[in-house]
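**Q** Show me how the following folds:
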Amino acid sequence: LQVAIDAHTRLVVALGDPQPGNRNDTIVYRTDELWSLASPLVPPPPRRPQGGGTPPIEARAVFAAIVYVLTTGCAWRHLPPGFGVSKATAHRRFVAWTRAGLWRRLHVAALDQLGAKGLIDWSRATADAASVRAKRGAT
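**A** From the prediction side, this is the model:
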C-alpha cells in the first residue's frame, strides 16, 4: 500500500504495485471539494490552559487521514504513516469532531450544495422504519 498526499488537491492511494495505465490499482479521492465544505465546520483544536506543548497538527491532514480510514475501512492502527498524522491523533480528532457534530453538518452541507446545483433527484426516495412491540405495562 502506498499513500501520496498532494496537500492541496487530492489524496492518492495506490493498492498493490501500480502499473502504468492500470487505473484499477489507484483510487483518487478529490479532497478539495470535500475540504472546502468541511473546513468552516471543523472545530478548532482545544487550547491548553497551561499553554505550551506541541502545536496541533494541521486540520486538513487529519481530515484526509480520517477520510482515508472511513472510506477504505482500514483499522485506525493501520493508518499509513504517509499522512503525517499519528493513529492516536487521527482517532482522537475523529471522536472530538463526531461529538461536535461535524459529520452530520458536513452531510447537510453536501446535500445543500448538490441540491443548489440541481444534482439531487428527489423523484426517488427510500424510507426506512422499524416497529417494535411495547412490553406489557409500558407506556
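**Q** quick one: residue 56 and residue 45 touch, right?
**A** Yes - Residue 56 lies in contact with residue 45 (C-beta atoms under 8 Å); the separation is 4.1 Å. No exception for glycine: its C-beta is placed from N, CA and C like everyone else's.
**Q** Report how many residues lie close to residue 89.
**A** Neighbour count for residue 89, taken as other C-beta atoms under 10 Å: 18.
**Q** and residue 100, how far is that from residue 61?
**A** The gap separating residue 100 from residue 61 is 18 Å, by C-beta to C-beta, to the nearest Å.
**Q** Who has more neighbours out of those two?
**A** Taking other C-beta under 10 Å, residue 100 and residue 61 do not tie; residue 61 has more neighbours (16 against 13).
**Q** Does the more buried one lie in a helix or a strand, and which?
**A** helix 59-72 (DSSP states H and E).
**Q** what's that helix packed up against?
**A** strand 2-6, strand 10-14, strand 26-30, helix 31-38, helix 87-99 (3 or more C-beta pairs under 8 Å, 6 or more residues apart in numbering; DSSP states H and E).
**Q** swap the cut-off to 10 Å and go again
**A** strand 2-6, strand 10-14, strand 26-30, helix 31-38, helix 87-99, helix 102-116 (3 or more C-beta pairs under 10 Å, 6 or more residues apart in numbering; DSSP states H and E).
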